[in-house]
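A.B. asks: Okay, structure incoming, though there's no sequence with it:
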């Protein structure tokens, strides 16, 4: 019973990781840059979510607003911050991204105050009992179902629509994609929009789960998502999903049974290092 | 008015006579984390300190001289705190220092104040090493171990035997757990399991599943409001209804806001009693709300207290720092929002522990633990 | 004066630390996001030894030895994984170090170690000593870059596979870079522990690793002078920024971003561009 | 149709091709031959817009397209089957072809697909497979097919026969002749000189980034010196 509960909790955590890491993987696949500042959109999503929900009383409106605003923000970051330095060696965008993230975190603190915000209304706080013994918050179910649906729809769009196929082609070989009339800029826009919107969705859901947004809420996801996309084989969407869920479950058990030896972050990274030493291309990468 | 002006003029004339810089303000230095992960507490602390200074200045300052608060951000990091302390002492020549920061930064700063013989009043950092730096360092907070012992006593008062500890993995949480574990056997309290979590953790699902299977009668969980809020909320959502005891880290309106309805009934061992009939406490609570439009929390109250103690001491010495001020604080008794305080020979504070309970979305008095033996802070001998 | 001396000591330690990373990342092209772990290893080694009564000057080589040995182990990772993967692996090493130290009661756990015994030097002498160490590291860096080893380093940084094809023992050089760089970081850590007299796990976390990488990159990756200047300036910037107060980190992060966005070669490139505008653009 | 005038191209300071003149008339097959590193692939990639044009002009349909981005050149009617094929490996054969026709409306896809499948019936059997799983010959067919999906006026094919079994090479060359019959203009880079000379109308021989000979294929075969020096013919 405990075993099942731990798995379930791991999957909840894993689906949050997946939502954040997917955006990162889309960006990495396309541009080969580690977009650390991605986590800022997770935080931004949380803040917009709380503010819109407190104004309108509607969580749906909050989610939509957060996703759209974060998506547009993502496009701006792509065009203004990354596009001009894409031809530089990889550490340049990496450090730029880190700088951007630190600045963003500080902006959140200065604008919204250091102690964070909470929801005025209780959204999805009711309890649900499944199979007689698995007890969840409605928000936890919503996170799992929401991410499953969103990711499912996305992968359908990616394989079934021309734009989706164009994006995949661009990730596979950007130059050739251009040679068939696909504009890198447009694909970049789409990837950043989608990725940032996903992160924002995760941000809203996490803020509902914790009933709190704070300026630093993105810092753990930011580096954990990096670990996940590496495990997933950098740029592989399916690998990222699997890695996120696996990491969620490993952490779930780890906090209980290894908590006295290593903290949660260290567990995640110990796992990461072991895997990389064993399979340097990542856990789920095709070789 | 005229009296005051005259007094000022006379003081000034006298000061010129003796070649003392005439309009020198009395400077008190404070290090607080205004940026970085502890920024929220830093803001509260600074608000508390500013209020104490404003209060004192409104009442005429020290011998008519205005008090100036010199503020440095230490990001709660020892690396930033050390230069900040040196600068306060060297450049700003403060007569007294106040720590409105966490243990790591305070521990880095304390030896510097000690070496310069500038009294340093520490508000809410709870690490034992702080006062070991020397006899110029004072602490107004109840040490972690002491609070932990109070928690164990409270558990037995509630008639609970089987307890699960959920410990925040930093110096604050570990000190609390150590105190709790030390005192638990004395009160017949059994610790059936202990879990640890990191200060960045907000999701406790896995941990809570395990706690549920332990089936405890009470949960003693250390944390700050930003970890405790989600923790208590998630405990309740998982259907765990046993009492939760927290500590002064919970002591913020933000805790109630974040945990929502789940916060009801949470017990907190702290130093601020909202229902106290002490006029000092009530005045502080009122003024703080007026000044910041927010309710005071433990951090604000403690930093207000620490700053006030420095000011009270300075009033006694007539603005002189150094050894005179040290002695004044050492021997004084202070009426503060967190009760009447005196310091022991290690400059730890002697005071009762307040137990507050969340009722109707606010902290209210539950009980007071006053057990001088149990709550005795460490002394020099120890 | 004491404040200035303290600042100068901080500067010197930061320069030493940044130069140590420059050896690995700047010269040899191996990006590390966990370099603070080695600062920590040095600091903890020196701190524990000093508490056990070992004289200060003896703690330094021992701290270098321990940090360097661990550095070689991590260096083996660089043989297995590359570029972005290596960056993430080293980041993991950083988290692992902090995670492990946190749980070791012998190392003070979460509480860290305080009251580290004094070196016996006066503050001024200690500052001069730290400056001398930083200067020595700078000279060593300049020497390494000129000698054969440095050329192999930069060849590896440029194009590792070609170097391998040329029959050069790439692993040996990479491990040497890691050993040198991490040993110097250990030295910086030992000085750090002595300077602050207090160390705790959080002082050697991800933020610190990022900070030092920023120093290297802002200075101009691989440029000894650039890195020295930028480490000196950036290390005391937070203290100067007290004026800006609450906007400090915003300025710091913004600066990092703007530097990369508009002058990815760091200050070194910026200076070159200003003084030799004609040379700019030639690769 | 395509005219290169004094074309120099390369990467940064490196110059891969110097002052190349080349005229590719409409409806012909032009062979570009020469040893490794002669600059043949760079020429094609420069025409496609991926290698920097350093001097000279690229005239296509009497317009200078030298400054246009790659995405625009394919719209003007230039498609490429590049060196190494560079298929979209994670996509199916059908999706690769879909990307090829991305610049046209979706409802043209079916007709264009049929045309490509009539040229390369083997692809029809593999429509659902991932491109990465195809054999070398099938990959080359897909690469050419993908380029054709763009409905180009000019198709550039790089190293058509490299690494292919002779039977596959035959199939591909048959397809080229059929394309020529249908009015397509073809610029072909090839190591297999015999093959080129058998189908090309004219050839241009490059060495070290310079043109060393150009003329009709018939002339090339007749010139004994050229044949011995550059074409490896005995």
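C.D. replies: It's in. Because the structure is a prediction, the values reported are computed rather than measured.

A.B. asks: Near chain A, which residues of the stretch 1-150 of chain C are found?
C.D. replies: By CB under 8 Å from any CB of the partner chain, the residues of the stretch 1-150 of chain C that approach chain A are C:25, C:31, C:77, C:80-85, C:87-89, C:91-93, C:95-96, C:98-100, C:102-103. Every C-beta, even on glycine, is put in place using the N, C-alpha and C of the backbone.

A.B. asks: out of these, which touch chain B?
C.D. replies: Among the residues of the stretch 1-150 of chain C next to chain A, chain B is touched by residue C:102 when using CB under 8 Å from any CB.

A.B. asks: Would you tell me which helix is longest in chain C?
C.D. replies: Using DSSP state H to define each element, chain C has its longest helix at helix C:170-196.

A.B. asks: right, and the helix or strand after it?
C.D. replies: Scanning forward in sequence from helix C:170-196 by DSSP states H and E, the next helix or strand is strand C:198-199.

A.B. asks: Give the other helices and strands that that following strand contacts.
C.D. replies: helix B:103-116, helix C:36-51, strand C:113-114 (3 or more CB pairs under 8 Å, 6 or more residues apart in numbering or on different chains; DSSP states H and E).

A.B. asks: Give me the residue ranges of the chain where confidence is low.
C.D. replies: Just so you know, I chose chain A. A:259, A:282-287 (pLDDT under 70).

A.B. asks: Hmm, no, I was thinking of chain C.
C.D. replies: Looking at chain C by pLDDT under 70, you get C:82, C:238, C:241-246, C:248, C:276-283.

A.B. asks: Helices of that one, start to end?
C.D. replies: Counting by DSSP H, the helices of chain C are C:2-21, C:36-51, C:56-80, C:83-102, C:123-146, C:148-158, C:160-165, C:170-196, C:206-219, C:224-240, C:248-262, C:266-275.

A.B. asks: so of those helices, which one's packed in deepest?
C.D. replies: helix C:36-51 (a mean of 28; mean count of other CB atoms under 10 Å in any protein chain shown).

A.B. asks: Establish whether that one and chain B are in contact.
C.D. replies: No. Using CB under 8 Å from any CB, helix C:36-51 stays clear of chain B, with a minimum separation of 10.9 Å.

A.B. asks: That helix to helix C:56-80, inter-axis angle?
C.D. replies: With axes from the mean of the first three to the mean of the last three CA atoms, to 10 degrees as the basis, helix C:36-51 and helix C:56-80 are set at 150 degrees to each other.

A.B. asks: helices or strands next to helix C:36-51 in the packing?
C.D. replies: Here helix C:36-51 touches helix C:56-80, helix C:83-102, strand C:113-114, helix C:170-196, strand C:198-199, helix C:206-219, going by 3+ CB pairs under 8 Å, 6+ apart.

A.B. asks: how about those in TSV, adding distance to residue D:14?
C.D. replies: Compiled in TSV, the helices and strands packed on helix C:36-51 are given as follows (distance: least, CB to CB, whole Å):
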stretch	distance to residue D:14
helix C:56-80	30
helix C:83-102	24
strand C:113-114	56
helix C:170-196	25
strand C:198-199	51
helix C:206-219	27
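
A.B. asks: so which of those gets nearest residue C:147?
C.D. replies: With distances scored as CB to CB, the stretch of the helices and strands packed on helix C:36-51 nearest to residue C:147 is helix C:170-196 (11.7 Å).

A.B. asks: wait, does that closest one make contact with chain B?
C.D. replies: Yes. Helix C:170-196 lies within reach of chain B by CB under 8 Å from any CB, at C:195-196.

A.B. asks: before we move on, what about stretch A:18-25?
C.D. replies: No. Interface with chain B: stretch A:18-25 contributes nothing (CB under 8 Å from any CB), its closest point being 13.1 Å away.

A.B. asks: Need the helices and strands packed on strand C:198-199 in a markdown table (columns: distance to residue B:266).
C.D. replies: Formatted as a markdown table, the helices and strands packed on strand C:198-199 follow (distance: least, CB to CB, whole Å):
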| stretch | distance to residue B:266 |
| --- | --- |
| helix B:103-116 | 24 |
| helix C:36-51 | 37 |
| strand C:113-114 | 33 |
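
A.B. asks: among the helices of chain C, which is nearest residue B:228?
C.D. replies: So among the helices of chain C, helix C:83-102 is nearest, using CB to CB, at 20.1 Å.

A.B. asks: between the closest one and helix C:56-80, how big is the angle?
C.D. replies: Using the same axes, to 10 degrees: helix C:83-102 against helix C:56-80 is 140 degrees.

A.B. asks: and helix C:83-102, how far from the chain's centre?
C.D. replies: For helix C:83-102, the distance from its own C-alpha centre to the chain's C-alpha centre is 15 Å (CA atoms, centre = their mean, to the nearest Å).

A.B. asks: angle of it against helix C:206-219?
C.D. replies: 140 degrees.

A.B. asks: residues contacting the closest residue to chain C within the stretch 51-200 of chain B?
C.D. replies: Using CB to the nearest CB, the closest approach of the stretch 51-200 of chain B to chain C is made by residue B:90 at 3.9 Å. When the contact criterion is CB atoms under 8 Å, 6 or more residues apart in numbering or on different chains, the partners of residue B:90 are C:1-3.
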